[in-house]
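Asks: I'd like to go over a predicted model; first the sequence, then the structure.
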Amino acid sequence: MAGLLGTSSSTAIFVSRPLYSTSKSSIPSLSLPFGQSHGRKLYGGVGVQLKKGRSQFQVAVSNVATEINPAEKAQKLTSEENQRPVYPFAAIVGQDEMKLCLLLNVIDPKIGGVMIMGDRGTGKSTTVRSLVDLLPEIRVVAGDPFNSDPEDPESMGTEVRESILKGEQLSVLMTKINMVDLPLGATEDRVCGTIDIEKALTEGVKAFEPGLLAKANRGILYVDEVNLLDDHLVDVLLDSAASGWNTVEREGISISHPARFILIGSGNPEEGELRPQLLDRFGMHAQVGTVRDAELRVKIVEERARFDKNPKEFRDSYKTEQEKLQEQISSARNNLSAVQIDHALRVKISKVCAELNVDGLRGDIVTNRAAKALAALKGRDTVTAEDIATVIPNCLRHRLRKDPLESIDSGLLVIEKFYEVFS
């Protein structure tokens with residue numbers, strides 16, 4: 001899905017020991033701060049004794065012209081054309097709550113994903129998969145199976161960290177965020193990855209074949225019908241979602257790699273409830289209902305017929321809207337760090353959580369993050385009470401304790417308590 005974008009000129013970034021340029025033009029260098037502590041520097045948790053004074057590692061950035069082979073360019077275009085066409089996100093009619101939750105998670109992945117529950121045939125899977133076209137680009141170490149971040153040691157694979165410590169050069173590429181589908185029938189080895197025991201015994205090396213969790217690092221992991229997922233796979237997801245790392249233990253060999261992903265799940269509540277431990281790992285919860293308006297239903301049927309008849313022409317008709325949405329998401333991601341939320345609003349958010357008896361502090365944290373992401377999406381640098389009112393039902397609805405005798409929707413309970421506190 002995610003391909004590397006080739007251009008006539010790209011930026012190549014190398015991590016190496018201090019560079020001394022002999023050319024006429026000097027190359028700017030930046031120190032690479034992974035954390036330090038009294039004479040020692042910590043590189044991804046590895047203590048390295050350094051001499052005081054000059055930094056041992058530097059980053060040199062230089063513009064390098066790259067020529068793309070005509071045959072390679074044609075091959076990329078052919079592969080893009082042969083991919084299964086995806087329904088455009090901008091063409092989804094209605095389901096605003098679900099679309100907003102997905103967009104906020106793309107803007108701020110630390111929100112923690114979204115759980116989408118609703119009737120069958122309401123476009124849950126179609127909407128999630130249509131998000132592919134809107135995903136932004138990220139910087140990754142070239143050739144690394146874990147999509148390692150060249151600047152964040154917490155998102156680096158072990159080999160990348162060791163290469164940095166040795167002073168080896170690492171090229172960095174821009175690539176789209178990955179979206180990985182987790183099939184219900186997947187085996188644990190396919191999800192976690194597996195160790196080649198034969199190679200380990202004969203050659204004495206740890207030969208690791210990465211799984212879906214490795215591919216989903218710094219991306220999106222989508223589980224359709226998540227409430228039907230086998231318990232052992234749910235345990236694997238819980239472990240990775242909690243720690244951000246996936247560890248494979250087999251025959252005395254242990255291999256770990258980063259597994260930080262946005263977890264998106266969808267399902268039909270009639271087919272079974274989700275385990276509360278997994279439900280709590282989803283940052284937001286969206287409820288999807290069947291569209292009742294006759295005019296909207298007709299429009300959805302007509303749009304789908306147009307897409308089935310000529311997918312390329314249909315996608316082209318929404319190209320402008322898709323590009324505008326991409327620009328809006330990119331701008332929001334860039335401005336997210338500048339968004340501020342008043343202390344009084346933070347106190348009121350926590351008061352709502354406390355009065356609703358929400359367990360833990362995830363509800364407080366996610367509501368703050370989602371409100372800031374919504375303000376960034378709207379192009380503002382301050383959060384308003386209206387932003388909080390929009391996102392707080394989705395952040396707290398699934399965290400309330402279930403009362404079997406309660407007939408009112410949990411989202412309405414959250415809204416009622418919000419207006420009681422904020423008024």
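Replies: Looks like it arrived, so ask away.
Asks: use CA for all of it now, contacts and neighbours both
Replies: OK.
Asks: Helix, strand, or coil at the closest residue to I300 other than its chain neighbours?
Replies: The spatially closest residue to I300, leaving aside those adjacent along the chain, is V93, at 6.4 Å (C-alpha to C-alpha, 6 or more residues apart in numbering). With DSSP: H, G, I helix; E, B strand; the rest coil as the basis, V93 sits in coil.
Asks: Correct me if wrong: V93 contacts E302.
Replies: No: between V93 and E302 there is no contact under C-alpha atoms under 8 Å: 11.2 Å.
Asks: Looking at those two, which is more packed in?
Replies: V93 (15 against 12; other C-alpha atoms under 10 Å).
Asks: For the more buried one, give me the pLDDT.
Replies: V93 is assigned a predicted lDDT (pLDDT) of 85.
Asks: Once you drop chain neighbours, what's closest to E303?
Replies: Ranked by C-alpha to C-alpha, 6+ apart and with sequence neighbours excluded, the top spatial neighbour of E303 is A91, at 7.9 Å.
Asks: The one you found: how many residues sit nearby?
Replies: 19.
Asks: Go ahead and confirm it touches Y318.
Replies: Yes: look at A91 against Y318 with C-alpha under 8 Å: they come within range, at 7.0 Å.
Asks: which residues does the residue nearest to I300 contact?
Replies: 296, 299-300 (C-alpha atoms under 8 Å, 6 or more residues apart in numbering).
Asks: for Q287, same thing?
Replies: 97-98, 116-118.
Asks: what does Y222 give?
Replies: Y222 sits next to 179-182, 263-265 when contact means C-alpha under 8 Å, 6+ apart.
Asks: Quick check: the gap between it and H398.
Replies: Distance, Y222 to H398, using C-alpha to C-alpha, to the nearest Å: 19 Å.
Asks: Then P145?
Replies: Taking C-alpha to C-alpha, one finds P145 at 34 Å from H398.
Asks: what about L221, which helix or strand?
Replies: Using DSSP states H and E, the element containing L221 is strand 220-224.
Asks: now the angle between strand 220-224 and the very next helix or strand once past that strand, please.
Replies: Following strand 220-224 in sequence order, the next helix or strand is helix 231-243 (DSSP H and E). Computed with axes from the mean of the first three to the mean of the last three C-alpha atoms, to 10 degrees, the direction of helix 231-243 lies at 150 degrees from that of strand 220-224.
Asks: I'd assumed N227 was in contact with E273.
Replies: Yes: in this structure, E273 is within contact of N227 by C-alpha under 8 Å, at 6.1 Å.
Asks: Comparing those two, which residue is more hemmed in?
Replies: Neighbour comparison, E273 and N227: the larger count goes to N227, with 24 against 13 (by other C-alpha under 10 Å).
Asks: List phi and psi for the closest residue to that one other than its chain neighbours.
Replies: In space, and not counting its chain neighbours, N227 is closest to L274: 5.0 Å by C-alpha to C-alpha, 6+ apart. The phi/psi pair for L274 (degrees, to the nearest 10) reads phi -90, psi 150.
Asks: Check what pLDDT L274 gets.
Replies: pLDDT at L274 comes out at 81.
Asks: Check P393 too.
Replies: Looking at P393, the pLDDT reads 93.
Asks: That one: which element?
Replies: Per DSSP H and E: P393 is located in helix 385-396.
Asks: try N357
Replies: Of the helices and strands defined by DSSP H and E, none includes N357.
Asks: pretty sure it is touching R399, no?
Replies: No: using C-alpha under 8 Å as the test, N357 is too far from R399 to be in contact (9.0 Å).
Asks: Same drill for the two, tell me which one is more crowded.
Replies: R399 (25 against 12).
Asks: re earlier: most neighbours of all the contacts of Q287, which one?
Replies: Counting neighbours by other C-alpha under 10 Å, I116 leads the contacts of Q287 with 27 neighbours.
Asks: That one falls within a strand, correct?
Replies: Yes: under three-state DSSP, I116 sits within a strand.
Asks: and the gap between it and D235?
Replies: Taken as C-alpha to C-alpha, the span from I116 to D235 is 20 Å.
Asks: ditto for G118
Replies: As judged by C-alpha to C-alpha, G118 and D235 stand 24 Å apart.
Asks: For the contacts of Q287, could you give me TSV that also reports pLDDT?
Replies: Output for these, formatted as TSV (pLDDT from 0 to 100):
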residue	pLDDT
E97	90
M98	92
I116	92
M117	90
G118	87
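Asks: could you redo those as a markdown table and give each row distance to P109?
Replies: Listed next are the contacts of Q287 as a markdown table, based on distance: C-alpha to C-alpha, whole Å:
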| residue | distance to P109 |
| --- | --- |
| E97 | 17 |
| M98 | 16 |
| I116 | 16 |
| M117 | 20 |
| G118 | 23 |
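Asks: Kindly indicate which of the residues you listed lies nearest I255.
Replies: I116 (32.8 Å; C-alpha to C-alpha).
Asks: neighbours around G113, how many?
Replies: With other C-alpha under 10 Å as criterion, G113 counts 26.
Asks: List the residues that contact P393.
Replies: P393 neighbours (C-alpha under 8 Å, 6+ apart): 411-412, 414-415.
Asks: that older thread, mind giving me the PyMOL command for buried ones among the contacts of V93?
Replies: Burial among those is assessed by 16 or more other C-alpha atoms under 10 Å; the matching PyMOL selection reads:
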select buried, resi 300
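Asks: Reformat the contacts of V93 as CSV; add pLDDT.
Replies: As requested, the contacts of V93 are exported to CSV (pLDDT from 0 to 100):
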residue, pLDDT
L296, 89
K299, 91
I300, 91
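Asks: ok, of the contacts of V93, which one's closest to T247?
Replies: Looking across the contacts of V93 and measuring by C-alpha to C-alpha, the closest to T247 is I300, at 44.3 Å.
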